[in-house]
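Colleague: Structure, please.
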Amino acid sequence: MKDKINGILISAPSSNSGKTTVVCAILEALKMMGHSPASFKCGPDYIDPMFHRKVTGIPSSNLDMYLLNENTVKYLYSKNSRLGDISVTEGVMGYYDGLSMESTDASSYALSKTLGCPTVLVVNVKGMAMSVPALIKGFRSFRPDSTIRGVILNGASEKTYAPLKEVILREFGGDIRPLGYLPTMKDCSVGSRHLGLITADEIEDIKEKDLRLGRKALETIDMNALMELASQSKEIEYEDICPEPFPEHVRIALARDEAFCFYYEDGLDLLRDLGAEIVEFSPMRDSALPEDIQGLYLGGGYPELHLDELNGNTSMLTSIQKAVEGGLPTIAECGGFMYVQKTIAGRKVCGILDGDSENTGHLVRFGYAEMKALRDNVLFKAGQKIPVHEFHHFDSTENGHDFILTKPNGTSWEECIGTETIYAGYPHIHLCSSSDAAKNFYRACLNYKHR
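Modeller: A predicted model of the protein is given here:
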């Protein structure tokens, strides 16, 4: 299949350059102009897409060049871009930063080439003058096919932008277009947390902040020029990978609240495509699991920050314990894994699996890895492999031994628990990485339904 998508990738020289703020401002401005933007995030991060969803009102997808193969990335980009008339993708880290200190694999640069879309570089100009065009030139020339076609100056003012715009025009002769600037707006800052940005749902006035950002973007960013740049995207070619649905549907309970909110939305859509009904519930506030379910998905999040509610909701703890111990097929990732063990920071939780989780004060086993099943389980046959990602400060006394994980540098270890009815561990799995995992989970849910 072939598709021509009007898209733009927003990247930066480094993290903390203001990518998310600029992307949210652009998405809001596009909506104000009457457009229907679709949004994406490069890499494995869950939180930035939450901000996108708050702005666009539609799901924001992760496009990860390590977790997903090139065809799947193109397929999901095309599929989700049909929701809008322009696609805006937020980059990750610095533009060329990839799997290692020596590689651009899985970088924003690699994604822009795969998607065939131009890149706009967000440059934080604080403390710089003529160094701004020098920096841009370095990024533009580092790779001859850099795809960098525009630049937005973050933290600039009208007074500082005007001369810098003229310098950029003179230095690049129109090859890189100055698309405007976004001034420092302290009243629109969102703060931070131990694992990155705070989630969008925790900012009471986020919509008003987005509106202010959007109005400012209409004043200071050349949105028409940005749209024109997006229209210059190249055609992409891919194979359709939409699966055949199962003849019988199942109901899968999905934990979704402040404590459990980290999911790859395309993975949930895959389960829906197979025929599943996803039923959301709150482990913090609901008294029991939803009725008539054949599967359970406990995703990552911040259970350690909501222990009073989780520990105090004894009826929910009992409901989950009985269901899982009774054979309900279950995926428990990261925060969900911590929740089904005995304790988190000394507070009792479900107690289904042995293990106590405590804060180590630093990132543990952080980053990408390849995970290989050592035994048949609810998601994989023995020997099957899948790329995964870990991002957590807590660690458990019982991480499991049913999989071997290997980092790109060759470091390996045993981790995770896999039985006929449960996958539990810190690694996050993108179900679109392997449709076999989703299908195996679905079959387990069907077996439970017919039991």
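
Colleague: so how far is residue 163 from the residue lying farthest from the centre of the chain?
Modeller: The C-alpha centroid of the chain is most remote from residue 170, which lies 37.9 Å away (Cα atoms, centre = their mean). Distance, residue 170 to residue 163, using Cβ to Cβ, to the nearest Å: 11 Å. All C-beta atoms are positioned from the backbone trio N, CA, C, and that covers glycine.

Colleague: just to revisit the earlier point, please name every helix or strand in contact with the host helix or strand of the residue farthest from the centre of the chain.
Modeller: For residue 170, the host element (DSSP states H and E) is helix 158-172. Secondary-structure packing of helix 158-172 (3 or more Cβ pairs under 8 Å, 6 or more residues apart in numbering; DSSP states H and E): helix 131-142, strand 148-154, strand 177-182.

Colleague: Most tightly packed of these?
Modeller: Among the helices and strands packed on helix 158-172, strand 148-154 has the highest mean neighbour count (mean count of other Cβ atoms under 10 Å), at a mean of 25.

Colleague: Compute the inter-axis angle for that one and helix 158-172.
Modeller: Angle, strand 148-154 to helix 158-172, by axes from the mean of the first three to the mean of the last three Cα atoms, to 10 degrees: 160 degrees.

Colleague: Strand 148-154 - which strands sit beside it in the sheet, and in what orientation?
Modeller: strand 119-124 (parallel), strand 177-182 (parallel) (DSSP bridges).

Colleague: Just give the number of residues close to residue 240.
Modeller: 9 (other Cβ atoms under 10 Å).

Colleague: correct me, but it touches residue 75?
Modeller: Yes. Assessed by Cβ atoms under 8 Å, residue 240 is found in contact with residue 75 at 6.8 Å.

Colleague: Low-confidence stretches in the stretch 251-400 of the chain?
Modeller: Along the stretch 251-400 of the chain, no part satisfies pLDDT under 70.

Colleague: can you give me the strands in it?
Modeller: Ranges of strands in the stretch 251-400 of the chain, per DSSP state E, counting those that start in this stretch, are 260-262, 276-281, 295-298, 300-301, 330-333, 343-344, 347-348, 356-359, 367-373, 385-390, 394-396.

Colleague: Turn these into JSON lines, including mean neighbour count and distance to residue 270.
Modeller: What follows is those, written out as JSON lines (neighbours: other Cβ atoms under 10 Å; distance: least, Cβ to Cβ, whole Å):
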{"stretch": "strand 260-262", "mean neighbour count": "23", "distance to residue 270": "17"}
{"stretch": "strand 276-281", "mean neighbour count": "18", "distance to residue 270": "9"}
{"stretch": "strand 295-298", "mean neighbour count": "26", "distance to residue 270": "12"}
{"stretch": "strand 300-301", "mean neighbour count": "26", "distance to residue 270": "18"}
{"stretch": "strand 330-333", "mean neighbour count": "25", "distance to residue 270": "13"}
{"stretch": "strand 343-344", "mean neighbour count": "22", "distance to residue 270": "29"}
{"stretch": "strand 347-348", "mean neighbour count": "14", "distance to residue 270": "34"}
{"stretch": "strand 356-359", "mean neighbour count": "18", "distance to residue 270": "29"}
{"stretch": "strand 367-373", "mean neighbour count": "20", "distance to residue 270": "18"}
{"stretch": "strand 385-390", "mean neighbour count": "21", "distance to residue 270": "14"}
{"stretch": "strand 394-396", "mean neighbour count": "20", "distance to residue 270": "28"}
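
Colleague: Can I get the strands paired with strand 148-154 in CSV including mean pLDDT?
Modeller: Listed next are the strands paired with strand 148-154 as CSV, based on pLDDT from 0 to 100:
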stretch, mean pLDDT
strand 119-124, 97
strand 177-182, 97
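
Colleague: Pipe these into a markdown table and attach distance to residue 343 per row.
Modeller: Below are the strands paired with strand 148-154 laid out as a markdown table (distance: least, Cβ to Cβ, whole Å):
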| stretch | distance to residue 343 |
| --- | --- |
| strand 119-124 | 42 |
| strand 177-182 | 45 |
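
Colleague: closest one to residue 88 among those?
Modeller: The closest of those to residue 88 is strand 119-124. By Cβ to Cβ, the value is 9.5 Å.

Colleague: Extract the CA atoms of the closest one and return them as CSV.
Modeller: In CSV, the C-alpha atoms belonging to strand 119-124 read as follows (Å, rounded to 0.1, in the frame of the first residue of the first chain):
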residue,chain,number,x,y,z
THR,A,119,11.8,18.0,10.4
VAL,A,120,11.4,21.3,12.3
LEU,A,121,14.2,21.9,14.8
VAL,A,122,13.2,23.5,18.1
VAL,A,123,16.2,25.5,19.4
ASN,A,124,16.2,27.0,22.9
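
Colleague: ok, and what's touching that strand?
Modeller: Identification of contacts with strand 119-124 by Cβ atoms under 8 Å, 6 or more residues apart in numbering yields 8-13, 16-19, 22, 91, 95, 108-109, 112, 132, 135-136, 139, 146-155, 179, 226, 229.

Colleague: before we move on, what about stretch 214-229?
Modeller: Defining contact as Cβ under 8 Å, 6+ apart, one finds that stretch 214-229 is touched by 6, 8, 25-33, 35, 86, 118, 120, 149-150, 152, 158, 161, 177, 179-183, 185.

Colleague: Over to that stretch now: how far is its first residue from its last?
Modeller: Using Cα to Cα, to the nearest Å, the end-to-end distance of stretch 214-229 comes to 19 Å.

Colleague: From here on, call the first residue 37.
Modeller: Noted, 37 is the first residue going forward, which turns the last one into stretch 250-265.

Colleague: Flag every buried residue along that stretch.
Modeller: Using 16 or more other Cβ atoms under 10 Å as the test for burial, stretch 250-265 gives 250, 252-254, 256-259, 262-263, 265.

Colleague: ok, so of those residues, who is nearest residue 380?
Modeller: Within those, proximity to residue 380 (Cβ to Cβ) peaks at residue 250, which comes in at 38.7 Å.

Colleague: name the element the closest one belongs to?
Modeller: In this structure, residue 250 is located in helix 242-256 according to DSSP H and E.

Colleague: So what touches stretch 184-193?
Modeller: Contacts of stretch 184-193 with the rest of the structure, by Cβ under 8 Å, 6+ apart, involve 46-47, 53-54, 57-58, 131, 154-162, 168, 172, 175-176, 196-197, 200, 204, 211-220, 257, 261-262, 265, 268.

Colleague: What mean pLDDT does it get?
Modeller: For stretch 184-193, the mean per-residue pLDDT is 96.

Colleague: Check stretch 139-146 too.
Modeller: In this model, stretch 139-146 carries a mean pLDDT of 96.

Colleague: returning to what we had before: what would the helices and strands packed on helix 194-208 look like in TSV with distance to residue 390?
Modeller: Formatted as TSV, those follow (distance: least, Cβ to Cβ, whole Å):
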stretch	distance to residue 390
helix 167-178	50
strand 184-190	48
strand 213-218	50
